[in-house]
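S.K.: no sequence on hand, only this structure:
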């Protein structure tokens, strides 16, 4: 009897298990167009859930669903189609072409919830893997540039790291972080992870442009969100191997404009007014080139003269830079429920010796067990680099144009190239600078995530996510020693060799760990014509950051880079940060007849970085959309309009900007003033500390952002023409700023909530799909236009301006930010006042206000031409309406290498647009008073030229051909003989091939900047010249 009960119970459990497991099962299928061709990249999702996938290049997909679930299938150029899952486990789905709106493609919204665009009251953009990787970018940000309205991605330099600044719809903070939140598979991670992700691992990217779209992320999402969804297992369940290679070569695209008339020297013959030759000089204010053989530098040992032909070398400086190379090798293996991928990206830069190698491993597995689902995601990235820690660009400019720099490469073995005998008396051999000063390091990133799902009922789902992101950075800075020879120590032979160069080393280690935990419920119900979708959840994030650094100089053994090998006290420092953010949020969407939607959102945060009495803050929001093409019969039956939707939103969000850093953990411990180690201490065993001159504010509150957005989307001519227009207004108040206070108080500054400013804009997205369709020949054309502006309304009591760094200011009544720069003394009409005797202008001691530093106009053009298996893709963009201060120009005028310094053949000249005081206070137009000197005396002078910032202020406008790719997909008939091969593509790629600048900009790419912070529009010799890349790729799928 007892055994019978056990068997009966076991049978019941087995039956229940079978019933439960039978509810959810793998559904496979293919998405085809009307012609029976596969629709690669088609989106397939379960209605009302976060579960979704994309079809592969063959249109194949795989998704776990149960009988009765509704699948939403959509693709570019086709209407969304709903298919109810029946007992059949394999589906063939045909999508009609060009009958409805492009806007019907399913997109990912906040928290990874997938919705149809008709439900959204705000603007979002989505890019698939194909659009992202068409030119084989080494990082994701390069693949996004120029393709999304409102998105501004600026490369700040051309190093092997490729640092970028990213903003969406301008800025929201005057002194804090303005870069968007990065979310990978639902987990918020630091933005710098974007450059460490493998673009080939990405399934699609959704850009949530404003606070309305990202309201559920709270303050983290106030600057917008870049949501990255990575690839999952094989769509069909069958094993698939993908192998690819991309090889690109990199060359300097252009250097600043140089003068080509004059050689070495720094003095002027008082009789002739012509520069005097000096073969030891770094400056290039000598006499004109004449092709004669001349001596440079000091004689080599044995009194051997160094001789060079005195003529300009076109490639003398250019050949200092080498051909860089980027090789990406990828392999991935995917099967029913998992995917494994590996990438090795090996980058060598145009600055010889600079290398950056990124190795990425990723594993993803998922499964469903009846009502339960699991997903596990693990990725590991190792980055090894070796780069110059000091830019040699300054030394390149201090090399005369008649010198062939590449001859001095072997400074360790060639006597003429050695620091002992290098011809330049004042500046070192640039090869020595880059080789002797290195920064090497190892970065490790580990990301692990688990997601658990429970389908509580047919309309209610529970999701739990937990993730950790651990980052470890170890860096070492080394400077080689150099002992000058007795010959060089003689000051008559080598000016800068009076002291030997001592070796030094610095070690820095940082560790970052982020823990995310999130649980939320989603619900969806329909009641006749009405529907309601709800979401409620809670999140917890904890960040920890530690750093330690130690350094030693004057190393005993010059080649042993170890701090223990030092003399004297080591330099040491360390820091520790920890912060925690708790959030609770909710969202409810009301629908009527699937053409009217109203969504309400709310989130409350508790932030440990804020004082306990101000730690809790609530952010509400609302958005609505109406699909007029469904709601109004006249439009619904129109043969012209396929789709028309209007939408709008309003939301209040916040920004906790206590450090200005993109990583929020650095805002910890900013409420109270602390003591630091005083200069010169410890003195023996005696410690010393000093207080900060800044007083922190224990009552600080968040910055607030009130966002409004409205727009419409329209598709006409059977979806051949698709236009989306969005306008937005953001009022940014309660800004956290530092203001100066009277020194009589004993401190210099304090932190307050004060300033406010507005930013607004219009965005246009046009898609012509197809623009031309002639059977095998097809042309698509996408364009996006962003018009942006801002205005500072107030700063603080009695203050009208706020410096934010790099000559950038927030000034009441002007856009944020504006340049304040030095200029000439001018008369009331703006003409330059010159001295009656010397003809020289003079420096005005007061800074003056000039143009804004952020672009007001960004235009992206993305045409695509396909003929049979051949596809040409181009991405171009234009940025304008702002200015750039080329500080590099002042440096070049100092050396005499710039084209400006060769103006008027260095003869005396009348300063353009100048006047002089006739002695009575009246200004007379200057037509005859020449400058005392038209070369060294004028251009090298601080008060006459180099110290005048406006001489180097130009338009920052630029039009670039960002990407070109020519891809050929081998026809099916060609690969049918190789049964193991499913598809193959080969292609040619290029990036930044052409850059068009206004004539006034003679120096460099205006996109470059000294940092990724808020101080914009300034470039220096720390920025290497811009590069162009070209190469080839191949992809094989087995």
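M.R.: Here it is on my side, so go on. Everything numeric in this text was worked out from a predicted model, so none of it was measured.
S.K.: for the rest of this, base every contact and every neighbour count on C-alpha atoms.
M.R.: Noted.
S.K.: I'd like to know which elements the helix or strand hosting residue 470 is packed against.
M.R.: Per DSSP states H and E, residue 470 falls inside strand 460-479. Under the contact criterion of 3 or more Cα pairs under 8 Å, 6 or more residues apart in numbering; DSSP states H and E, strand 460-479 touches strand 437-455, strand 504-527.
S.K.: mind putting those into CSV with distance to residue 410?
M.R.: Below are these laid out as CSV (distance: least, Cα to Cα, whole Å):
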stretch, distance to residue 410
strand 437-455, 16
strand 504-527, 22
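S.K.: next, the buried residues of stretch 438-450.
M.R.: By 16 or more other Cα atoms under 10 Å, the buried positions in stretch 438-450 come out as 438-450.
S.K.: again with stretch 192-212
M.R.: For stretch 192-212, the neighbour count (16+ other Cα under 10 Å) marks 193-212 as buried.
S.K.: how about CSV for the buried residues of stretch 438-450, with pLDDT and distance to residue 581 added?
M.R.: Supplementary listing: the buried residues of stretch 438-450 in CSV, determined by pLDDT from 0 to 100; distance: Cα to Cα, whole Å:
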residue, pLDDT, distance to residue 581
438, 97, 39
439, 97, 35
440, 97, 34
441, 96, 31
442, 97, 30
443, 96, 26
444, 97, 25
445, 96, 22
446, 97, 21
447, 96, 19
448, 97, 20
449, 97, 19
450, 97, 20
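S.K.: and the helices in the stretch 101-250 of the chain?
M.R.: 129-132, 140-144 (DSSP state H, counting those that start in this stretch).
S.K.: among the ones you listed, which is the most enclosed?
M.R.: Across these, averaging neighbours per residue (mean count of other Cα atoms under 10 Å) puts helix 140-144 on top, at a mean of 21.
S.K.: how far does it sit from its chain's centre?
M.R.: On the basis of Cα atoms, centre = their mean, to the nearest Å, helix 140-144 is displaced by 8 Å from the centre of the chain it belongs to.
S.K.: residues making contact with that helix?
M.R.: 131-137, 153, 164, 194-195, 197-199 (Cα atoms under 8 Å, 6 or more residues apart in numbering).
S.K.: include distance to residue 249 and pLDDT when you put the residues you listed into a markdown table, please.
M.R.: What follows is the contacts of helix 140-144, written out as a markdown table (distance: Cα to Cα, whole Å; pLDDT from 0 to 100):
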| residue | distance to residue 249 | pLDDT |
| --- | --- | --- |
| 131 | 22 | 93 |
| 132 | 20 | 94 |
| 133 | 17 | 93 |
| 134 | 17 | 91 |
| 135 | 13 | 92 |
| 136 | 12 | 92 |
| 137 | 12 | 93 |
| 153 | 22 | 94 |
| 164 | 21 | 89 |
| 194 | 23 | 91 |
| 195 | 19 | 89 |
| 197 | 21 | 92 |
| 198 | 19 | 94 |
| 199 | 19 | 94 |
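S.K.: and those residues as TSV, adding distance to residue 540?
M.R.: Compiled in TSV, these are given as follows (distance: Cα to Cα, whole Å):
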residue	distance to residue 540
131	34
132	32
133	34
134	37
135	38
136	36
137	34
153	30
164	29
194	22
195	25
197	24
198	27
199	28
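S.K.: just to revisit the earlier point, of the buried residues of stretch 192-212, which belong to strands?
M.R.: Counting by DSSP state E, the part of the buried residues of stretch 192-212 found in strands is 202, 203, 204, 205, 206, 207, 208.
S.K.: for the third one, give me the pLDDT.
M.R.: On the pLDDT scale, residue 204 is placed at 92.
S.K.: residue 226 versus that one, what's the distance?
M.R.: Taken as Cα to Cα, to the nearest Å, the spacing of residue 204 relative to residue 226 amounts to 11 Å.
S.K.: how much space separates the residue lying closest to residue 63 once chain neighbours are set aside from residue 43?
M.R.: The spatial neighbour of residue 63 that comes closest, neighbours along the chain excluded (Cα to Cα, 6 or more residues apart in numbering), is residue 27 at 5.3 Å. From residue 27 across to residue 43, the span is 14 Å (Cα to Cα).
S.K.: more neighbours: those two, which one.
M.R.: Counted by other Cα atoms under 10 Å, residue 27 and residue 43 do not tie: residue 43 has more neighbours, with 26 against 22.
S.K.: my guess is that one contacts residue 59, does it?
M.R.: No. With contact defined as Cα atoms under 8 Å, residue 43 does not reach residue 59; the gap is 10.0 Å.
S.K.: circling back: let's have the ones in strands among the buried residues of stretch 192-212 in a markdown table, adding distance to residue 1003.
M.R.: What follows is these, written out as a markdown table (distance: Cα to Cα, whole Å):
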| residue | distance to residue 1003 |
| --- | --- |
| 202 | 37 |
| 203 | 39 |
| 204 | 37 |
| 205 | 35 |
| 206 | 36 |
| 207 | 34 |
| 208 | 36 |
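S.K.: let me know the closest of those to residue 271.
M.R.: Residue 271 lies nearest to residue 207 out of these, by Cα to Cα, at 66.8 Å.
S.K.: ok, now how distant is the residue most central in space within the chain from residue 365?
M.R.: Note on the chain: the residue nearest the mean C-alpha position is residue 164, at 3.1 Å, using Cα atoms, centre = their mean. According to Cα to Cα, residue 164 and residue 365 sit 32 Å apart.
S.K.: please apply the same query to residue 878.
M.R.: Relative to residue 365, residue 878 is positioned 42 Å away (criterion: Cα to Cα).
S.K.: then residue 932?
M.R.: Counting by Cα to Cα, the gap from residue 932 to residue 365 is 77 Å.
S.K.: phi, psi for residue 368 please.
M.R.: Listed backbone geometry of residue 368 is phi -130, psi 140, with angles given as degrees, to the nearest 10.
S.K.: and what of residue 913?
M.R.: Geometry field for residue 913 lists phi and psi as phi 50, psi 50, criterion degrees, to the nearest 10.
S.K.: if we ignore the residues flanking it in sequence, what's nearest it?
M.R.: Computed as Cα to Cα, 6+ apart, the closest residue to residue 913 that is not its neighbour in sequence is residue 831, at 5.6 Å.
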